[in-house]
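[1] what follows is a predicted protein model with its sequence.
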Amino acid sequence: MTITQSLFYFLAFVAIFSSLLVVTAKNPIHSVLYLILTFFTLTGEYILLNAQFIGIVNIIVYAGAIMVLFLFVIMLLNLNVESEPQKTNLMKFIGIITGGIGLVVLTAALKSTDPSNTVVIQEVDMGLVKNLGQVLFKEFLLPFEIVSILFLSAMVGAVLLARKETK
Amino acid sequence: MESALIIEKFLLITIVLVVSLVVAMYMTLVERRFAAFFQDRLGPNRAGPFGILQPLADGVKLFTKEEILPENANKLLFIMGPSLAMFTATISSAVIPWGRDLVFGDKVISLQVADINVGLLYIFGVVSLGVYGMMVGGWASNNKYSLLGTIRAASQSISYEIAMGMAIIALLMVTGTLSMRGIVDGQGSTLYGLKGTEGLGWNVFYQPVAFLIYLICMFAECNRTPFDLPECESELVAGYHTEHSSMKLGFYLFAEYINMFVSSAVISALFFGGYNFPGQEALANAGVASYWITLIGVGAFFCKIAFFLFFFVWVRWTIPRFRYDQLMRLGWNMLVPLAIANIGITGVVMYLTGHIN
Amino acid sequence: MLLLEQLPVNYAPVAFQFFVAVGFVVVTMLATHLIGPKRKTSDKLTPFESGVEVQGNARHPMSVKYFLVAILFVLFDVEVIFMYPWAVNFRELGILGMLEMFTFMIFLLLGFIYIIKKGALNWE
């Protein structure tokens, strides 16, 4: 096994282990911290594939921005034990059904994929920011511009959500 | 990677860590001495000549104090907060180029821990992680002052990250690379093509507005006056670290000073030419050995860092603290539009001057 | 630009720095834990509230404004991320790329003006 391969398996193991801890941790703040660890291992995997820009963006956006939002939400919620909503049997039933559907979809998706040679990089400098920009602003121009409209609607939605609370 | 290179890197990492710790320690003394100077008093001058042993005494004191874990706190997260703050402060220096390659005969020593293609984004990522130390530690304290400080710290630093990122975009349009070494090396040329200005082509002369925005955001990210609302003692006792004692408190304070040191280094590298200094071409042409030029460059870099560290102190004892709504208005309503306008103007000017077609 | 040099191995020193930083933090934390005295009294262990007896739990729900700031931060942060590949390629993409990005930024500005006009970021 080469160094790259062993690093890949190590990072993959940590990623799966810490994402299991995200689900099982009792304290939601611990869950958030484990999720950040998961994102770090994923960044490691991206860097092993030489997708440097995506790797670092994964840290900035997911670990640095979205998880801050999660922490905010958890801190803004009332986390005392007595106010914890009780899980009824109906809720549990719905949870099992949706989880099962998710599992079916994932297995189906996994079955239809071809096994790829995981740790062999096809084109070494594919994921560099220079080449990424060339592709993004030439081939994927329309999706890129549509994303800006998506952002606009998200901003409007966020402002409306927060205003409802104050009135 | 061969083992000699690995040892070299570990040595460099240790040196950088020690230097940043020593600078952080002595910044506390410098800060207090300057505070005393601004307020016409003497400041700490008893421990050793001119008080130079004062930081050591402070360090020993912090180490030997009792550590208190409040009974209502989440013990693990309470310890994790300052550890995370210190961790993020110490990893951010990995991509800063401290100087050119040192060349002794055929031996080349790189004075940068890691020359990565996305160096600037790495610093950005670490800065955005810096907020966790405060959030986790402050929330775990289960103290009202800490929680208020935490929430303030987090929303302040995320607000100013936006303007910071947009200021950097305008800078990148000029430099065209995200590598820290690439950005610094790009500033070694002439200023506006004028003769005799080799080594003075600093980005601050091309992007003054981006520099100003970045400077303000740097103060906000380091939680320094006038942006020190997360720890303003008149309202929040000590903000997010009210409950922390002994070295846990020390970690928070040290992390703040290390962050000051690293951000001074980053702003010097991005806007003030890093290790470039005027006259470097003349020295090279006069036949001075390249390692001397490298060492003078490192010295020039540290002079620039020292200036920004002094600037931090200077501002602290000059400008009063903002109110919270003023802080938010400055960040969102003024700096963000200014940064967007800066991007637009940079683009148009570069088009009109024929840099793009 | 030498593309051959942009390999994952360049990130190895960053990993080393992570190890050194973790080692430093853990060793210092352990040292201070071992060195410091331990004389715990119940008064020391209560949260500090300016010397007044503690009133209730500190974990209150906070103003929704902070939450809104965090959401808007995520949105703007992702927008800024989209600008990085453009800014690095600014010279290569030329005037066409600039117009593409300005279109993108007009939508960003529209959203921003909406936020300001709605007073979503007013803290009075």
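    Received the coordinates, thanks. Numbers count the residues shown, from 1 in each chain, chains lettered A, B, ... in the order given.
[2] can I get stretch B:204-216 in PDB, CA atoms only?
    Provided in PDB are the C-alpha atoms of stretch B:204-216 (Å, rounded to 0.1, in the frame of the first residue of the first chain):
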ATOM      1  CA  VAL B 204      -1.100  49.100  -1.300                       C
ATOM      2  CA  PHE B 205      -0.300  51.500  -4.000                       C
ATOM      3  CA  TYR B 206      -2.500  49.700  -6.500                       C
ATOM      4  CA  GLN B 207      -5.300  48.800  -4.100                       C
ATOM      5  CA  PRO B 208      -5.500  51.400  -1.300                       C
ATOM      6  CA  VAL B 209      -9.200  51.000  -0.700                       C
ATOM      7  CA  ALA B 210      -8.900  47.200  -0.400                       C
ATOM      8  CA  PHE B 211      -6.000  47.800   2.100                       C
ATOM      9  CA  LEU B 212      -8.200  50.100   4.200                       C
ATOM     10  CA  ILE B 213     -11.100  47.700   4.300                       C
ATOM     11  CA  TYR B 214      -8.800  44.800   5.100                       C
ATOM     12  CA  LEU B 215      -7.100  46.800   7.900                       C
ATOM     13  CA  ILE B 216     -10.500  47.600   9.500                       C
END
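[3] what residues sit buried inside that stretch?
    The neighbour-count check on stretch B:204-216 (16 or more other C-beta atoms under 10 Å in any protein chain shown) flags B:Val204, B:Phe205, B:Tyr206, B:Gln207, B:Val209, B:Ala210, B:Phe211, B:Leu212, B:Ile213, B:Tyr214, B:Leu215, B:Ile216 as buried. No exception for glycine: its C-beta is placed from N, CA and C like everyone else's.
[4] just the pLDDT for B:Ile116.
    Looking at B:Ile116, its pLDDT is 83.
[5] quick check: it vs C:Asn10, distance?
    Taking C-beta to C-beta, to the nearest Å as the measure, B:Ile116 falls 5 Å from C:Asn10.
[6] who's more crowded, the two?
    B:Ile116 (25 against 18; other C-beta atoms under 10 Å in any protein chain shown).
[7] tell me the SS of that one?
    Three-state call for B:Ile116 (DSSP: H, G, I helix; E, B strand; the rest coil): coil.
[8] shouldn't it be in contact with A:Gln52?
    Yes. Contact criterion C-beta atoms under 8 Å: B:Ile116 and A:Gln52 qualify, at 7.0 Å.
[9] stretch B:329-341 spans what distance, first to last residue?
    Length of stretch B:329-341, first residue to last, C-alpha to C-alpha, to the nearest Å: 17 Å.
[10] which helix runs longest in the chain?
    As the question left the chain open, I've gone with chain A. As assigned by DSSP state H, the longest helix anywhere in chain A is helix A:141-166.
[11] that was the other one, I meant chain B.
    Longest helix in chain B, counting by DSSP H: helix B:3-38.
[12] kindly report the same for chain C.
    In chain C, taking DSSP H as the definition, the longest helix is helix C:90-117.
[13] quick one: buried residues of that one?
    For helix C:90-117, burial by neighbour count (16+ other C-beta under 10 Å) applies to C:90, C:93, C:97-98, C:100-101, C:104-105, C:107-112, C:115.
[14] gap between the two ends of stretch B:96-108?
    Terminal residues of stretch B:96-108 lie 18 Å apart, using C-alpha to C-alpha.
[15] walk me through the domains of chain A.
    As given by automatic domain parsing, the domain ranges for chain A are A:3-80+A:87-136, A:137-167.
[16] distance to B:Leu121 and mean pLDDT added to those, as CSV?
    Shown next, in CSV, are these (distance: least, C-beta to C-beta, whole Å; pLDDT from 0 to 100):
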stretch, distance to B:Leu121, mean pLDDT
domain A:3-80+A:87-136, 4, 83
domain A:137-167, 18, 80
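[17] among these, which is nearest chain B?
    In terms of C-beta to the nearest C-beta, the element of the domains of chain A nearest to chain B is domain A:3-80+A:87-136, at 2.9 Å.
[18] run the chain-centre distance for that closest one.
    Its chain's average C-alpha position is 4 Å from that of domain A:3-80+A:87-136, according to C-alpha atoms, centre = their mean, to the nearest Å.
[19] try stretch B:27-39
    Distance, stretch centre to chain centre, for stretch B:27-39: 19 Å (C-alpha atoms, centre = their mean).
[20] who's in contact with B:Tyr291?
    Residues counted as contacts of B:Tyr291 (C-beta atoms under 8 Å, 6 or more residues apart in numbering or on different chains) are B:Leu102, B:Val103, B:Phe104.
[21] now flag whichever of these is closest to B:Lys144.
    Nearest to B:Lys144 among the contacts of B:Tyr291 is B:Leu102, at 52.8 Å by C-beta to C-beta.
[22] that closest one: how many residues sit nearby?
    Residues contacting B:Leu102 under the criterion other C-beta under 10 Å number 15.
[23] so it sits against B:Leu12, correct?
    No. If you go by C-beta under 8 Å, B:Leu102 and B:Leu12 don't touch, sitting 10.7 Å apart.
[24] which neighbours do these two share?
    Common neighbours of B:Leu102 and B:Leu12, using C-beta under 8 Å, 6+ apart, are B:Ser110, B:Leu111.
[25] return the residues in contact with whatever residue of chain A ends up closest to chain C.
    Minimum separation of chain A from chain C (C-beta to the nearest C-beta) falls at A:Gly133, amounting to 3.2 Å. Going by C-beta under 8 Å, 6+ apart, A:Gly133 touches C:Tyr84, C:Pro85, C:Trp86, C:Val88, C:Asn89, C:Leu93.
[26] what's near enough to touch the last one?
    I take that to be C:Leu93. Applying C-beta under 8 Å, 6+ apart, we find C:Leu93 in contact with A:Gly133, A:Gln134, A:Phe137, B:Ile356, C:Trp86, C:Glu100.
[27] go again with 7 Å.
    Counting by C-beta atoms under 7 Å, 6 or more residues apart in numbering or on different chains, C:Leu93 makes contact with A:Phe137, C:Trp86.
[28] tell me, what's the model's pLDDT at it?
    At C:Leu93, pLDDT is 80.
[29] thinking again about what came up before, now the longest helix of chain B: how far from the chain's centre is it?
    That offset, for helix B:3-38, works out to 12 Å (C-alpha atoms, centre = their mean).
[30] average pLDDT for that helix, rounded please.
    The pLDDT scores in helix B:3-38 average 86.
[31] what's around the closest residue to chain A within the stretch 51-200 of chain B, how many residues?
    Nearest residue of the stretch 51-200 of chain B to chain A, counting by C-beta to the nearest C-beta: B:Ser128, 2.9 Å away. Applying other C-beta under 10 Å, we find 26 residues neighbouring B:Ser128.
[32] that one reaches A:Ile60, doesn't it?
    Yes. Using C-beta atoms under 7 Å, B:Ser128 is in contact with A:Ile60, at 5.6 Å.
[33] which secondary structure element of chain C has the lowest mean pLDDT?
    For chain C, counting by mean pLDDT, DSSP states H and E, helix C:42-45 ranks last in confidence among helices and strands (a mean of 68).
[34] next SSE after that one?
    helix C:64-88 (DSSP states H and E).
[35] now do that following helix against helix C:90-117, angle only.
    Taking axes from the mean of the first three to the mean of the last three C-alpha atoms, to 10 degrees, one finds helix C:64-88 and helix C:90-117 inclined to each other by 160 degrees.
[36] packing partners for helix C:64-88?
    Secondary-structure packing of helix C:64-88 (3 or more C-beta pairs under 7 Å, 6 or more residues apart in numbering or on different chains; DSSP states H and E): helix A:67-76, helix A:129-136, helix A:141-166, helix B:144-175, helix C:90-117.
[37] tell me, how many neighbours does B:Phe34 end up with?
    Residues lying near B:Phe34 (other C-beta under 10 Å) number 17.
[38] over to B:Ala289?
    12.
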